[in-house]
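J.: turn this into a structure:
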Amino acid sequence: MKATLKNYHQSPRKVRLVADMIRGKSVPAARAALHFLPKKSSPAISKLLESAVANSGATPDALFVKSIAVNKGAVMRRARPFSRGRSGSIRKTMSIVTLELGTNAPAKAKKARAKKVVKASDEQ
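T.: Residues are numbered from 1 along each chain as shown. I've put the predicted structure just below:
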């Protein structure tokens with residue numbers, strides 16, 4: 001239920017904006033969010049989501065985005081001419097995106113624990 005996107009040519013800071021939008025959502029809700037989000041990394045993360053769904057073998061309605069992490073990948077170094085014959089370095093950072101799906105069963109367990117806490121506070 002995992003999928004990894006390596007050496008994606010966009011900085012991790014920009015990709016994290018999209019990753020934060022789908023973290024914790026169900027797969028159909030994440031698909032809809034990625035479809036309408038006007039960011040460059042949306043199609044790539046959408047493909048990654050579809051790959052994770054295919055790896056799971058389960059129906060997409062029973063899955064949610066358990067975790068998504070965006071880390072720094074390789075760095076391409078380029079030079080640009082500056083004044084007085086100097087050169088300035090330009091770093092083009094790549095991203096490594098790891099997506100993990102989970103089933104909807106853990107969400108029910110969290111609700112059950114929350115109800116127990118509420119009942120305990122009512123008794124006091």
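J.: which residues touch residue 76?
T.: By Cβ atoms under 8 Å, 6 or more residues apart in numbering, residue 76 lies in contact with 91-92, 94. (Each C-beta comes from the backbone N, C-alpha and C, glycine too.)
J.: now do the helices in the chain.
T.: 12-22, 27-36, 42-56, 105-123 (DSSP state H).
J.: quick one: mean pLDDT for the shortest one?
T.: Regarding helix 27-36, the rounded mean pLDDT is 95.
J.: what comes up buried for it?
T.: Across helix 27-36, burial judged by 16 or more other Cβ atoms under 10 Å covers 27, 30-31, 33-34.
J.: equivalent analysis for the third one, please.
T.: Of the residues in helix 42-56, those buried under the neighbour-count criterion (16+ other Cβ under 10 Å) are 42, 44-46, 48-49, 52-53, 56.
J.: what's the closest of those to residue 74?
T.: Residue 74 has its nearest neighbour among the buried residues of helix 42-56 in residue 44, at 16.2 Å by Cβ to Cβ.
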